[in-house]
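Asks: Coordinates only, no sequence provided:
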Ligand SMILES: O=c1ccn([C@H]2C[C@H](O)[C@@H](COP(=O)(O)OP(=O)(O)OP(=O)(O)O)O2)c(=O)[nH]1
Ligand SMILES: [Mg+2]
């Protein structure tokens with residue numbers, strides 16, 4: 001378990017919490033009320049700032065319940081919080097529902113924060129990349145879309 005320093009920018013809001021032992025994501029709450037019309041987005045504060053150790057990053061993921069029940073997701077999912085970032089963690093929520101407006105209240109759980117170790121790469125330029133079984137195949141190159149209709 002890694003230690004993450006946290007500052008509460010709004011003392012009335014809680015510290016992110018894991019709902020169950022074994023959960024990967026600690027829930028983040030909305031720092032203010034927000035109402036989103038269909039297709040609308042808003043950047044919502046969570047009332048916290050953190051200091052991650054070098055070699056870690058935090059990722060702001062959507063909550064599946066909000067997504068499945070209300071069509072609420074995160075525009076840049078998952079958002080990346082760099083180890084050096086000391087500002088308020090914010091969530092760029094979007095209402096993907098085609099018809100219903102959605103209101104989230106201050107203190108509602110709107111996203112979840114996943115802390116992960118991350119590698120830094122040293123980019124080594126070459127003339128030619130080594131071969132692989134996949135090669136440059138992608139974007140559905142393995143098929144499996146036969147029964148999708150549109
Ligand atoms: O969902 C998110 C994503 C990012 N951030 C904060 C932390 C992150 O370290 C910083 C910058 O994020 P990112 O690099 O994704 O944004 P950018 O558009 O590249 O901005 P910058 O030029 O500041 O790097 O914004 C959040 O609070 N929430
Ligand atoms: Mg950036």
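Replies: Noted; the coordinates are in hand. Here the structure is a predicted model, which is why all the values come from computation and not from measurement. Ligands and ions are numbered 1, 2, ... in the order given.
Asks: what's near enough to touch the closest residue to residue 94 other than its chain neighbours?
Replies: Closest residue to residue 94 apart from its sequence neighbours, by Cβ to Cβ, 6 or more residues apart in numbering: residue 41 at 4.1 Å. Every residue, glycine included, has its C-beta placed from N, CA and C. Contacts here follow Cβ atoms under 8 Å, 6 or more residues apart in numbering; on that basis residue 41 touches 75, 92, 93, 94, 95.
Asks: The fourth one: neighbour count?
Replies: Read it as residue 94. 19 (other Cβ atoms under 10 Å).
Asks: now swap in the second one and tell me
Replies: Neighbours of residue 92 under the rule other Cβ under 10 Å: 16.
Asks: Over to it. Which of the three states is it?
Replies: strand (DSSP: H, G, I helix; E, B strand; the rest coil).
Asks: so what's it up against?
Replies: By Cβ under 8 Å, 6+ apart, the contact list for residue 92 reads 41, 42, 43, 44, 74, 75, 76, 79.
Asks: for the fourth one, same thing?
Replies: Taking Cβ under 8 Å, 6+ apart as the criterion, residue 94 is in contact with 36, 39, 40, 41, 72, 73, 74, 75.
Asks: which of the residues you listed lies closest to residue 26?
Replies: Closest to residue 26 out of these is residue 74 (15.4 Å), distances taken as Cβ to Cβ.
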